[in-house]
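S.K.: Here is my input; please provide its structure:
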Amino acid sequence: MALIIAGERSGVGKTTITLAILSFLSQKGAKVQSFKVGPDYIDPMFHTHVTGLPCRNLDPVLTSEAYVQNCYARHAQGVDYALIEGVMGLFDGISLNNCQDFASTAHIARLLNLPVLLVLDCSRLSGSIAAIASGYRNFDPKVNIVGVILNRVGSDRHLTQLSSALDNINLPILGVVHREDDLKIPDRHLGLVPTDELPHLKQLFHKLANLAQSCFNWEKLLPLLTPNISPNEPEQPQILIHKNTQYPRIGIARDRAFNFYYQDNLDLLTEQGAELVYWSPLEDPHLPLDIQGLYIGGGFPEVFAQTLSENHNLHQEIKNAIAQGMPIYAECGGLMYLCQEIIDFLGQTWPMLGILPTTAIMGAKLTLGYRKAIALQPEGLIPQGKQIWGHEFHRSHLTQLSPKPVFQLQGYLAQDPIQVEGWTKQNLHASYVHLHFGNHPHLVQKILQTCLAFPKNIR
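M.R.: Reported below is the predicted structural model:
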């Protein structure tokens, strides 16, 4: 089996506990596959940095329940240990498909039939810990909570109080972590600061490994972390279509400014025949040679706006390529990069590519959540009228709406407002909506076909 790390709510230390376990196992030389429940990009970066294996997102909204099961079965094979980090509180999901906690950690636990280790923030609790733990264990009999991690324990006396309370409900304590002020991971307006911006990660992971060695009950944890998927067990067929016989070169913008990518998206492009060429809008003065398309993912262009703004030669090359019809797929941060300007949190204005006649302005309001997206344009990447699920997560807004928006958007609740969003023109798709390609093979195929139609020898 594998183990799911869940929290009673957000902010209880799931990520720190997960990284401590991954760090300890990886430093012992084990091959560890990690997964992350939900649409998050940044936590998986930390997982990947620790284990050396790409972390996989498990999100049945953006993909499907079958895709989640297939993804887990595929990537949990051939490894020593597998660990899944949950999202928010254990039962925090959305009401969808007659399920009240769809896409929650509990939903994934039921879907994969895996045990749960519950992380409890003990900083303001003593005897009440038993009531909380008992409530979570008994709320859904189909969710198997096998133990708890006590986090932010204040003292030995505090631990005695907590342990005595939990003895009464017979729930094993598999780890105890005392307050560690020097183990905090820096964060900012969209969550943790990505790994590429943190120069002292090696020291942090070493501390976490040492913490894990002394704080966790490894005799009980290791069997729970060992996958029981047989190497000969047949996988469900991948949701792919016929592989191309030609191989388009696609430039992937990847650096500190643009690093929000689902690994499955990149894998699907490669498996369908694409050659992915990585480049940096921050550091490279030229586009890669002979590329036939661009994929600019999300990230933090607002943080690096000055450096992006000053790369004038690259700006001109991208403008020339787009003017000649080079396909470009841009999500969120990529959309902002295509705008005329970015106005950062300090009110400073930084010129961007100027492809789209609008300005991205940073603000305090957070736009966050799953979106039902209906394609509006007949010439777009997604067939007109088709509905797909995406996710928004940004603190910027645009000054102008597109005259030809890509999507009509609505949240998962019937009373959520309907909006239009996104830009499309001449092989360009730019939207705030993040998409997971896993359940949309024809989107992958359309991207590749569009790229193949563009000649290689044009820069």
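
S.K.: and stretch 175-190, which residues are buried?
M.R.: Neighbour counts over stretch 175-190 (16 or more other CB atoms under 10 Å) mark 175, 176, 177, 178, 180, 185, 190 as buried. To be clear about C-beta, it is placed using only N, CA and C from the backbone, and glycine gets the same treatment.

S.K.: Quick one: which of those has the lowest pLDDT value?
M.R.: Here the lowest pLDDT out of those sits on residue 180, with 79.

S.K.: about what we covered before: farthest pair in the buried residues of stretch 175-190?
M.R.: Using CB to CB, the buried residues of stretch 175-190 reach their maximum pairwise distance at 176 and 190, which is 31.4 Å.

S.K.: residues in contact with residue 193?
M.R.: By CB atoms under 8 Å, 6 or more residues apart in numbering, the residues touching residue 193 are 185, 186, 187.

S.K.: mind giving me JSON lines with the residues you listed and columns for secondary structure?
M.R.: Output for the contacts of residue 193, formatted as JSON lines (DSSP: H, G, I helix; E, B strand; the rest coil):
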{"residue": "185", "secondary structure": "coil"}
{"residue": "186", "secondary structure": "coil"}
{"residue": "187", "secondary structure": "strand"}
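
S.K.: Return the distance of stretch 78-89 from the chain's centre.
M.R.: Here stretch 78-89 is found 14 Å from its chain centre; the criterion is CA atoms, centre = their mean, to the nearest Å.

S.K.: And the pLDDT at residue 73?
M.R.: Note for residue 73: predicted pLDDT of 96.

S.K.: what ranges of this protein fall below the confidence cut-off?
M.R.: Scanning the chain with the threshold set as pLDDT under 70 gives 181, 230-245, 457-459.

S.K.: Can you list the residue ranges for helices in it?
M.R.: 14-27, 42-51, 65-75, 105-112, 129-139, 156-167, 201-215, 218-225, 263-271, 305-309, 312-323, 333-338, 441-452 (DSSP state H).

S.K.: pretty sure residue 436 contacts residue 63?
M.R.: Yes. Counting by CB atoms under 8 Å, residue 436 touches residue 63, with 5.5 Å between them.

S.K.: surely residue 122 meets residue 149?
M.R.: No. Judged on CB under 8 Å, residue 122 makes no contact with residue 149 at a distance of 9.7 Å.

S.K.: Would you enumerate the residues in contact with the closest residue to residue 3 other than its chain neighbours?
M.R.: Among residues not flanking residue 3 along the chain, residue 224 sits closest, at 4.5 Å (CB to CB, 6 or more residues apart in numbering). Residues in contact with residue 224 (CB under 8 Å, 6+ apart) are 1, 2, 3, 115, 117, 146.

S.K.: Residue 326 now?
M.R.: Shown in contact with residue 326 (CB under 8 Å, 6+ apart): 291, 292, 293, 294, 427, 454, 458.

S.K.: what sits against the first one?
M.R.: The contact partners of residue 291, taken as CB under 8 Å, 6+ apart, are 249, 250, 251, 277, 326, 456.

S.K.: If we ignore the residues flanking it in sequence, what's nearest it?
M.R.: Closest residue in space to residue 291, ignoring its immediate chain neighbours: residue 251 at 4.2 Å, by CB to CB, 6+ apart.

S.K.: Is that neighbour in contact with residue 297, as I believe?
M.R.: No. With contact defined as CB under 8 Å, residue 251 does not reach residue 297; the gap is 11.7 Å.

S.K.: Could you check which of those two is surrounded by more residues?
M.R.: The neighbour comparison of residue 251 against residue 297 (other CB atoms under 10 Å) goes to residue 251, with 25 against 22.

S.K.: partners of the more buried one in the sheet?
M.R.: Taking DSSP bridges as the rule, residue 251 bridges to residue 277, residue 294.

S.K.: ok now the longest strand anywhere in the chain, how far from the chain's centre?
M.R.: In terms of residue count, the longest strand belonging to the chain (DSSP state E) is strand 356-375. Centre-to-centre, strand 356-375 and its host chain are 17 Å apart (CA atoms, centre = their mean).

S.K.: next one: stretch 390-407
M.R.: The chain centroid and the centroid of stretch 390-407 are separated by 20 Å under CA atoms, centre = their mean.

S.K.: what's the answer for stretch 284-296, then?
M.R.: Computed by CA atoms, centre = their mean, the chain-centroid distance of stretch 284-296 equals 24 Å.

S.K.: ok, of the contacts of residue 224, which come out buried?
M.R.: Listed as buried from the contacts of residue 224 are 1, 2, 3, 117, 146; burial here means 16+ other CB under 10 Å.

S.K.: Just give the number of residues close to the closest residue to the first one other than its chain neighbours.
M.R.: Nearest non-adjacent residue to residue 1, counting by CB to CB, 6+ apart: residue 228, 5.1 Å away. Using other CB under 10 Å as the criterion, residue 228 is surrounded by 11 other residues.
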